[in-house]
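Visitor: coords please:
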Amino acid sequence: MNDFSNKILFDDARKIAEREAYFNLKYFMSSDVEGVLSDTFIEGKNCWMFFRNANIIIPPEGKLRGEWAYVISKFGETRQVADLSFDQKELNKYLIKMSNYFEKN
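Guide: I've put the predicted structure just below:
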């Protein structure tokens with residue numbers, strides 16, 4: 001179980017997600033794209049899930065590097081997971097799964 005005194009704030013989580021996303025997405029960014037993350041995110045009990053900026057186009061050969069969502073636990077742990085933002089039902093199920101994962105660790 002996590003020590004609740006070490007929780008991070010949303011702004012910290014977003015900065016962590018930006019750093020993680022930039023590492024993967026810098027190869028696909030053009031100079032006219034501002035920011036690696038979308039303004040859209042979802043929050044679970046124990047984590048936030050962030051998505052890439054839709055203006056960053058991932059070519060077919062780059063999908064293994066660029067098509068991720070970034071999950072940051074409320075304690076600063078990170079995971080890169082499949083981006084299911086196109087399927088709201090599956091996305092919500094996955095958020096719950098990740099939130100439960102972070103609760104147990």
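Visitor: To which secondary structure element type does the closest residue to Met98 other than its chain neighbours belong?
Guide: Spatial nearest neighbour of Met98, chain neighbours left out: Val71 (5.0 Å); criterion: Cβ to Cβ, 6 or more residues apart in numbering. In short, each C-beta sits where N, CA and C put it, glycine included. Following DSSP: H, G, I helix; E, B strand; the rest coil, Val71 is assigned to strand.
Visitor: What is the neighbour count of Val71?
Guide: Look at Val71: counted by other Cβ atoms under 10 Å, it has 26 neighbours.
Visitor: Also Glu77?
Guide: When neighbours are counted by other Cβ under 10 Å, Glu77 registers 16.
Visitor: which intervals of this protein have sub-threshold pLDDT?
Guide: Applying pLDDT under 70 to the chain flags residues 1-5.
Visitor: ok, now how distant is the most centrally placed residue in it from Arg19?
Guide: For the chain, the residue nearest the mean C-alpha position is Tyr70 (1.7 Å; Cα atoms, centre = their mean). From Tyr70 across to Arg19, the span is 9 Å (Cβ to Cβ, to the nearest Å).
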